[in-house]
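> Below are the sequence and a predicted model for it; my questions follow.
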Amino acid sequence: MRRLRKTKIVATLGPASSDEKTVKALHLAGADVFRLNFSHGEPHDHKSRYDIIRNLEQTEGRPIGILADLQGPKIRVGTFEDGKVLLEKGQTFRLDLDETAGNSERVCLPHKRVMSSLEKGTILLLDDGKLKLGVTEASETHAQCEVLIGGKLSDRKGVNIPNAIVNMSPLTDKDRRDLDYALELGVDWIALSFVQRPEDIAEIKKIVAGRAAVMAKIEKPAAVEHLEGIIELADAVMVARGDLGVEIPLPEVPAVQKKIINAAKNSGKPVVVATQMLESMISSPVPTRAEATDVANAIYDGADAVMLSAESAAGEYPIEAVTMMSDIAVQTEKDPNYSKMMDAKHGPLEATTADAISAAASQVASTIGATAIVTYTTSGSTALRASRERGSTPVLALTPALPTARKLALAWGLHCVHTSDAKNFSDMVERACNTCFQEGFARPGDRIVIMAGVPFGTPGSTNILRIAWVGEKPLAK
């Protein structure tokens, strides 16, 4: 199955998309990676969806990535005597650790570490930013606040603290259980919510121990401030615009989105843009013009993937949403300005043989009109270098490691093929030519560019660039 676009699509599975027929339809419509959202559902729900995806992978013969998205430490207020209260601007309101039902004067904030992180001047945003409190006095057990923006506040509404680093791990006890379960299932990516510092990534990578790749969700101002260090440790990043749009002023979100995308691209790490991309398609068969433009803008910026959340998980038109996102990507990438923008946004190369060969492969392929670049990869690093070039020539990533092929399904422009490793130099060339023919990327007489490393099967040894002709009689599948 050859996609007619290089930007990948991540589709979240949920109540509207949990049966075999729908999951298959989503994949055929354009979903390259499926997201399991551990903020909702029970373990058996995720197991069922996981099994459906893996069975589909075998049926279709294409590696499919699976992303497990951990909930993270969602901070919420407690409950109220009457279920809700009305807070007036200018009044005082107390947050404390007392778990008794709250009223118009106080409510429980049942997070000791959060409470200890508050200080005079800290701003609290409640219910997705609808209400705003300013801390006037703080201790280990309570925070006295002034209501800056009032409104109705009901049971267990969320709390965001944009201008403070909260003294708590992004891994809750629930997350640790979900992480163990996701790794036991065999997912390819773990997304960590509410990352604040590079140390958060180091913590989860120590637990994961190479069993999956780690994606950092950038949704806190502290994460934006520590972006370089987080990207260095993470395997990929997500522009999680939901909480990010609450924690920073909305007018700043577009610029921050571009900053994150550029930083990830320059580091050669995949970057996903998420949240409300086609939000209206939860209940409408077509998106708004603004939403279509939003998706296109993320693609023009060079994002590796764009993501659907409720649109595919709980919406009325999950297949139509994926189809629409794919159609927008195809049309955007056809724009001559798109390739020009990709050419103009090359990140700095590292002074390594692998980076030099990756850059040369893209240039050679363009110069000679090659129909494909073939990269042999074991760990995925060579393929990611080829992806970072954002070249116009299709890239086939051949790997003997199925987990690597699944992980690379997220990366821009990579067509992943699970195959046995080359035995020798002539086998490498023959296998590359045959695969390009079989996968529909080349016909007899076409030229392809091959990147590989000798000795074969050695991770990080990319040191060969070869131009090859596809023979008149390629081997059949």
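Sure thing, it's come through.

> Could you use CA atoms for every contact and neighbour count after this?
OK.

> remind me which residues of the stretch 351-477 of the chain are low pLDDT?
Residues of the stretch 351-477 of the chain meeting the criterion pLDDT under 70: 457-458, 460, 472-477.

> Try it again at 50.
Where the stretch 351-477 of the chain drops to pLDDT under 50, the residues are 476-477.

> Can you show me the helices along it?
353-368, 381-388, 402-407, 425-438 (DSSP state H, counting those that start in this stretch).

> how about those helices in a markdown table, adding distance to residue 330 and mean neighbour count?
Output for the helices of the stretch 351-477 of the chain, formatted as a markdown table (distance: least, C-alpha to C-alpha, whole Å; neighbours: other C-alpha atoms under 10 Å):
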| stretch | distance to residue 330 | mean neighbour count |
| --- | --- | --- |
| helix 353-368 | 20 | 18 |
| helix 381-388 | 17 | 25 |
| helix 402-407 | 22 | 24 |
| helix 425-438 | 21 | 19 |
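
> So which of those is nearest residue 55?
helix 402-407 (13.8 Å; C-alpha to C-alpha).

> Show me how far that closest one is from its chain's centre.
16 Å (C-alpha atoms, centre = their mean, to the nearest Å).

> Show me what it is packed against.
strand 65-69, strand 395-399, strand 414-418 (3 or more C-alpha pairs under 8 Å, 6 or more residues apart in numbering; DSSP states H and E).

> Let's test this: mean pLDDT of stretch 52-59, rounded?
Averaging pLDDT along stretch 52-59 gives 97.

> on that earlier part again, show me the one of the helices of the stretch 351-477 of the chain that comes nearest residue 451.
Closest among those, using C-alpha to C-alpha: helix 353-368, at 7.3 Å.

> Make TSV from the helices of the stretch 351-477 of the chain and add distance to residue 209 to it.
Shown next, in TSV, are the helices of the stretch 351-477 of the chain (distance: least, C-alpha to C-alpha, whole Å):
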stretch	distance to residue 209
helix 353-368	25
helix 381-388	17
helix 402-407	14
helix 425-438	31
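
> I'd like to know which of those helices is closest to residue 240.
helix 402-407 (19.7 Å).

> export that closest one as PDB, just CAs?
In PDB, the C-alpha atoms belonging to helix 402-407 read as follows (Å, rounded to 0.1, in the frame of the first residue of the first chain):
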ATOM      1  CA  LEU A 402       9.800  -5.400  12.600                       C
ATOM      2  CA  PRO A 403       9.700  -3.100  15.700                       C
ATOM      3  CA  THR A 404      11.900  -0.600  13.800                       C
ATOM      4  CA  ALA A 405       9.600  -0.700  10.800                       C
ATOM      5  CA  ARG A 406       6.500  -0.100  13.000                       C
ATOM      6  CA  LYS A 407       8.300   2.800  14.800                       C
END
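
> Need the contact partners of it.
By C-alpha atoms under 8 Å, 6 or more residues apart in numbering, the residues outside helix 402-407 that reach it are 63-66, 188-189, 213, 378-380, 397-399, 416-418.

> from those, which single one is nearest residue 367?
Once C-alpha to C-alpha is applied, the member of those that ends up nearest residue 367 is residue 397, at 20.8 Å.

> contacting residues around the closest one?
Taking C-alpha under 8 Å, 6+ apart, one finds 374, 375, 376, 377, 383, 405, 414, 415, 416, 417 in contact with residue 397.

> Would you mind measuring from the second one to residue 358?
Read that as residue 375. Using C-alpha to C-alpha, to the nearest Å, residue 375 is found at 9 Å from residue 358.

> so what's in contact with these two at the same time?
382, 386, 451.

> right, and the last one touches residue 365 too?
Read that as residue 451. No. Contact criterion C-alpha atoms under 8 Å: residue 451 and residue 365 do not qualify, at 11.3 Å.

> between those two, what contacts are shared?
Joint contacts of residue 451 and residue 365 (C-alpha under 8 Å, 6+ apart) are residue 373.

> just to revisit the earlier point, out of the helices of the stretch 351-477 of the chain, which is closest to residue 51?
Here helix 402-407 is closest among the helices of the stretch 351-477 of the chain (C-alpha to C-alpha), at 14.7 Å.

> tell me the mean pLDDT for stretch 97-108?
Average pLDDT, stretch 97-108: 96.

> okay, how far is it across it, tip to tip?
5 Å.

> buried residues in it?
Residues 97, 102, 103, 104, 106, 107, 108 are the ones in stretch 97-108 that count as buried (16 or more other C-alpha atoms under 10 Å).

> sorry, back to before: which of the helices and strands packed on helix 402-407 sits closest to residue 249?
Using C-alpha to C-alpha, the helices and strands packed on helix 402-407 put strand 65-69 closest to residue 249, at 25.0 Å.

> what number of residues lie near residue 421?
Neighbour count for residue 421, taken as other C-alpha atoms under 10 Å: 18.

> contacting residues around the nearest residue to it once chain neighbours are set aside?
Nearest residue to residue 421 in three dimensions, chain neighbours excluded: residue 400, at 5.4 Å (C-alpha to C-alpha, 6 or more residues apart in numbering). Taking C-alpha under 8 Å, 6+ apart, we find residue 400 in contact with 377, 378, 418, 419, 420, 421.
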